[in-house]
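Undergrad: got a predicted structure plus its sequence, pasted below:
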Amino acid sequence: MNYFITGGTGFIGTHLTNLLKEVHPEANIYNLDIVEPGTPLPAVKGYYHSPLKEGETLASKFIYCDVRKPIELDVPVSSEDIIFNFAAVHRTPGHPDHEYFETNTRGAENVCAFAEKHGIKKIVFTSSIAPYGAAEALKEETTLPTPNTPYGISKLVAEKIHQIWQAKDSDNRQLTIVRPGVVFGKGENGNFTRLYWGIRKHTFAYPGRKDTIKACIYVKELVRFMLYRLEHHEQGVELYNCCYEPAYTIEHIVQAMKKMTGLKQYVPYIPNALIMPAAYMAQCLGSPMGICPARVKKLQISTNICGKKLAASGYPFHYTFEEAIADWFADNDKLCLE
């Protein structure tokens, strides 16, 4: 059996590859990406931290593949193979609008066309919580999506493209769509990494509120859940929010991060009347440390995502939130989180 991972050089793809090699050592794993493993990802600004441990190599065969174009591979492909579609332009803000659609929407079309051509019956698609739109209200899988960013719109359209693929042979094709909250772990190069270093360097403060909800999931938990669903889902379409239930507040996340990494730094609270003018001033100075009004506003909006369906799926969680932070810390030799 072959596993094809589009975007397999990335954060989630690297952790999935490690897990696949652990549980299915006999399988062929193909990394379909435009970036070779060990190469900094173009979307990551500043210093790039690899998901791989020092001296570790990615246990998959790299094939240069741009999902924006029709997919042609010079390897044997069978109907029993499985596709994990992770390829995406996702950092927002940060890209021209058209780039989200070129990769996320057209990429979905090309991945599904590849599956159609070879009779592949199983696809796992990593979507996002962005299709729900930014709002404080609790979002369940049945909540009407109202995306309000090009990224969110492109991901919702990509979900529909995958669903159309499945509907063409609904009795035999299996589609799992996951909408993860903030995914954290080694090589994340994102929100949790910035939060940790902000605490450590005394550059983070609670921006306007402490009770902002930030639904999240540990990357090792996410990829284990994907494999679990492949084993417990025969056909049809299933959609799962992927996050801890209940979702945690930013204050809980900060306190857990400090506790599990030994940080003692005090984290102040800054009211909106002070932080927004400062953010605009920082933007005028070139947004040092990534500070800008858009990012501050994003920090203040809850990602209030319901994980009850995942919790009721029968999947046995391997880590509590605190244990996940500790495991990530151990992956970095207990020196930092990156």
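TA: Yep, it's here.

Undergrad: identify all contacting residues around the one helix or strand residue 84 maps to.
TA: Taking DSSP states H and E as the criterion, residue 84 maps to strand 82-85. For strand 82-85, the external contacting residues (CB atoms under 8 Å, 6 or more residues apart in numbering) are 1-8, 13, 16, 107-108, 111, 114-115, 120, 122-126, 162, 226, 230. Every residue, glycine included, has its C-beta placed from N, CA and C.

Undergrad: only whichever of those are buried, select them in PyMOL.
TA: Typed into PyMOL, the line below selects the buried ones among the contacts of strand 82-85, using 16 or more other CB atoms under 10 Å:
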select buried, resi 2+3+4+5+6+7+8+13+16+107+108+111+114+115+120+122+123+124+125+126+162+226
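
Undergrad: among the contacts of strand 82-85, which lie within strands?
TA: Counting by DSSP state E, the members of the contacts of strand 82-85 that fall within strands are 2-6, 122-126.

Undergrad: count the residues that sit near residue 238.
TA: Using other CB atoms under 10 Å as the criterion, residue 238 is surrounded by 16 other residues.

Undergrad: ranges for the helices of this protein?
TA: Here the chain has its helices, by DSSP state H, at 11-23, 97-100, 106-118, 150-167, 191-200, 219-231, 250-261, 272-284, 293-300, 308-311, 321-331.

Undergrad: mean pLDDT for those - can I get that in TSV?
TA: Formatted as TSV, the helices of the chain follow (pLDDT from 0 to 100):
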stretch	mean pLDDT
helix 11-23	97
helix 97-100	90
helix 106-118	98
helix 150-167	97
helix 191-200	96
helix 219-231	97
helix 250-261	98
helix 272-284	79
helix 293-300	73
helix 308-311	98
helix 321-331	98
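
Undergrad: let me have these in JSON lines, extended by distance to residue 208.
TA: Converted to JSON lines, these look like this (distance: least, CB to CB, whole Å):
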{"stretch": "helix 11-23", "distance to residue 208": "28"}
{"stretch": "helix 97-100", "distance to residue 208": "28"}
{"stretch": "helix 106-118", "distance to residue 208": "36"}
{"stretch": "helix 150-167", "distance to residue 208": "23"}
{"stretch": "helix 191-200", "distance to residue 208": "15"}
{"stretch": "helix 219-231", "distance to residue 208": "28"}
{"stretch": "helix 250-261", "distance to residue 208": "11"}
{"stretch": "helix 272-284", "distance to residue 208": "4"}
{"stretch": "helix 293-300", "distance to residue 208": "5"}
{"stretch": "helix 308-311", "distance to residue 208": "28"}
{"stretch": "helix 321-331", "distance to residue 208": "23"}
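
Undergrad: quick check: which of those is nearest to residue 78?
TA: For those, the distance to residue 78 is smallest for helix 106-118, at 7.2 Å, taking CB to CB.

Undergrad: quick one, the closest one and helix 150-167 angle?
TA: Angular relation of helix 106-118 and helix 150-167 on a 0 to 180 degree scale: 10 degrees, by axes from the mean of the first three to the mean of the last three CA atoms, to 10 degrees.

Undergrad: what packs against helix 106-118?
TA: Counting contacts by 3 or more CB pairs under 8 Å, 6 or more residues apart in numbering; DSSP states H and E, helix 106-118 packs against strand 82-85, strand 122-126, helix 150-167.

Undergrad: residue contacts, residue 190?
TA: Residues counted as contacts of residue 190 (CB under 8 Å, 6+ apart) are 11, 91, 182-184.

Undergrad: from residue 225, how far off is residue 316?
TA: Plainly put, residue 316 is 10 Å away from residue 225 if you go by CB to CB, to the nearest Å.

Undergrad: comparing those two, which residue is more hemmed in?
TA: residue 225 (23 against 8).

Undergrad: can you add pLDDT and distance to residue 178 and give the ones in strands among the contacts of strand 82-85 back as TSV?
TA: Output for these, formatted as TSV (pLDDT from 0 to 100; distance: CB to CB, whole Å):
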residue	pLDDT	distance to residue 178
2	96	21
3	98	16
4	98	17
5	98	14
6	98	15
122	97	14
123	98	12
124	98	7
125	98	7
126	98	6
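
Undergrad: ok, these vs residue 246, which is closest?
TA: Distances from the ones in strands among the contacts of strand 82-85 to residue 246 were compared by CB to CB; the smallest belongs to residue 126, at 22.6 Å.

Undergrad: so that closest one makes contact with residue 12?
TA: Yes. At 6.4 Å, residue 126 and residue 12 qualify as touching, with contact defined as CB atoms under 8 Å.

Undergrad: joint contacts of the two?
TA: A shared contact of residue 126 and residue 12, defined by CB under 8 Å, 6+ apart, is any residue touching both; here these are residue 86.

Undergrad: ok, and for stretch 303-322, which residues are buried?
TA: Within stretch 303-322, judged by 16+ other CB under 10 Å, the buried ones are 303-307, 309-310, 313, 315, 317, 319, 321.
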